[in-house]
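J.: sequence and predicted structure are below.
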Amino acid sequence: MDKTESIRQNPSAPPASPPPLLPLLPDTRNLGVWLRILLGANGLAAAAALVKAPHLGDWPGVFTQFAAFVEPLLLAILPILAALREPLRRLPPRAGQGAVVGVAVLLAIGLFDFWRFFGLTEARADELLRAALLAAMAAALLLAYFELRARAFPKAVAEARLQALNARIRPHFLFNSLNAVLGLIRRDPLRAETALEELADLIRVLMRDARELTPLSEEIALTRQYLDLEKLRLGERLQVEWHIADVPGETRVPPLMLQPLVENAVYHGVEPLADPGPVRIAFARDSGGGMSIAVTNDATPQSAHSNGNRMALANVRERLALHFDLEARLDAGFEAGRYVVRIHLPLTAPR
């Protein structure tokens with residue numbers, strides 16, 4: 001790293017780059033996407049049944065008839081789209097959307113023909129065409145919903161990023177870090193220079209674009225830099241234990257996901273104590289093929305549930321949901337007398 005660049009306050013802005021292409025196709029291997037498709041398709045079926053029912057009291061029976069067609073179609077199309085996720089993503093966005101609509105239409109025709117073969121529905125050509133058109137319309141409406149959601153994603157992440165900036169730059173941390181560096185300048189100028197570089201790196205990460213996932217190895221390195229700064233002022237009172245199992249460093253995670261949780265552990269679990277306070281950071285693969293991260297510290301219920309702690313947890317939880325939907329979650333609470341924040345998220349490789 002260039003030392004003069006690392007402490008420069010206003011580096012020249014990089015040339016503007018075009019915004020990344022929007023992911024118009026949803027991630028068909030994501031459980032949250034599956035849930036939205038199931039709810040959306042059944043909602044459309046319920047609305048269609050309400051229109052077709054001659055009387056309001058007949059609506060449940062008509063909806064049941066529609067559901068008997070919709071549910072098998074969904075159970076067939078979801079695994080197929082999950083298997084075709086990568087080939088569909090390699091297509092141009094509109095071609096990929098057209099391919100999804102085509103798959104829905106073909107499966108609807110196949111299912112209708114299967115039912116007609118067994119005499120479960122009328123053998124009329126217009127009924128077959130109606131089933132194909134309804135499947136195409138439902139698929140197009142759901143794709144339009146996911147496209148609108150994708151277009152809203154950058155704004156939602158930007159708002160979460162602003163919340164992160166407001167919540168995470170604690171004035172006391174900056175003030176104490178600068179004071180600790182000042183105390184080192186005469187005694188150990190090289191360490192003071194390194195500390196300033198680490199502080200600049202922290203601020204640079206806070207200011208960068210939060211829409212892109214970052215490698216886990218970078219997030220761990222950033223958190224180590226933060227802990228080195230805290231070690232300057234807390235000394236032996238800060239005891240850190242790292243437990244990193246076979247979790248690949250290239251796994252992609254939201255930027256500034258780990259450091260705020262560790263900062264909370266230091267702020268609530270070490271600073272109030274006169275004796276050394278341990279902070280344990282553990283990574284491991286979980287049984288579902290994903291990854292778990294646990295940050296553990298000693299804390300009282302009052303400090304663990306302070307406003308600052310709740311704000312940080314809510315912010316990280318919101319950004320996990322924006323990036324991973326239902327595939328990730330954050331839980332926090334007391335376990336065996338210690339406060340534990342636990343994150344579960346998928347092992348996401350770089351794209």
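T.: Here it is on my side, so go on. Residues are numbered from 1 along each chain as shown.
J.: from memory Val279 sits against Trp242, does it?
T.: No - the pair Val279 / Trp242 is not scored as a contact, 9.6 Å apart, by CB atoms under 8 Å. C-beta here means a position set from N, CA and C on the backbone, and glycine is covered the same way.
J.: more neighbours, those two?
T.: Neighbour count, other CB atoms under 10 Å: between Val279 and Trp242, Val279 has more, with 22 against 13.
J.: report the mean per-residue pLDDT for the helix or strand encompassing that one.
T.: Using DSSP states H and E, Val279 sits within strand 277-285. What strand 277-285 shows for mean pLDDT is 90.
J.: between strand 277-285 and whatever helix or strand comes next after it, find me the angle.
T.: Remark: after strand 277-285, the chain's next helix or strand is strand 291-297, criterion DSSP H and E. On the basis of axes from the mean of the first three to the mean of the last three CA atoms, to 10 degrees, strand 291-297 is oriented at 170 degrees to strand 277-285.
J.: before we move on, the earlier item: using PDB, list the CA coordinates for the strand holding Val279.
T.: In PDB, the C-alpha atoms belonging to strand 277-285 read as follows (Å, rounded to 0.1, in the frame of the first residue of the first chain):
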ATOM      1  CA  GLY A 277     -12.300  -9.100  28.400                       C
ATOM      2  CA  PRO A 278     -12.200 -11.900  25.800                       C
ATOM      3  CA  VAL A 279     -13.800 -11.500  22.300                       C
ATOM      4  CA  ARG A 280     -14.200 -14.700  20.400                       C
ATOM      5  CA  ILE A 281     -14.700 -14.700  16.600                       C
ATOM      6  CA  ALA A 282     -15.400 -18.100  15.100                       C
ATOM      7  CA  PHE A 283     -16.100 -19.200  11.500                       C
ATOM      8  CA  ALA A 284     -17.200 -22.600  10.400                       C
ATOM      9  CA  ARG A 285     -19.200 -24.400   7.700                       C
END
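J.: buried residues in it?
T.: 277-283 (16 or more other CB atoms under 10 Å).
J.: what's near enough to touch the closest residue to Val70 other than its chain neighbours?
T.: Distances taken as CB to CB, 6 or more residues apart in numbering put Ala45 closest to Val70, at 4.8 Å, once the chain neighbours are dropped. If you count contacts by CB atoms under 8 Å, 6 or more residues apart in numbering, Ala45 has them with 63, 66-67, 70.
J.: thinking again about what came up before, just the buried residues of strand 277-285 now: which is nearest Ala136?
T.: Nearest to Ala136 among the buried residues of strand 277-285 is Phe283, at 45.3 Å by CB to CB.
J.: and Glu250, which helix or strand is it part of?
T.: Under DSSP H and E, no helix or strand contains Glu250.
J.: for Tyr226, see how far away it is.
T.: 22 Å (CB to CB, to the nearest Å).
J.: between the two, who's got more neighbours?
T.: Tyr226 (23 against 13).
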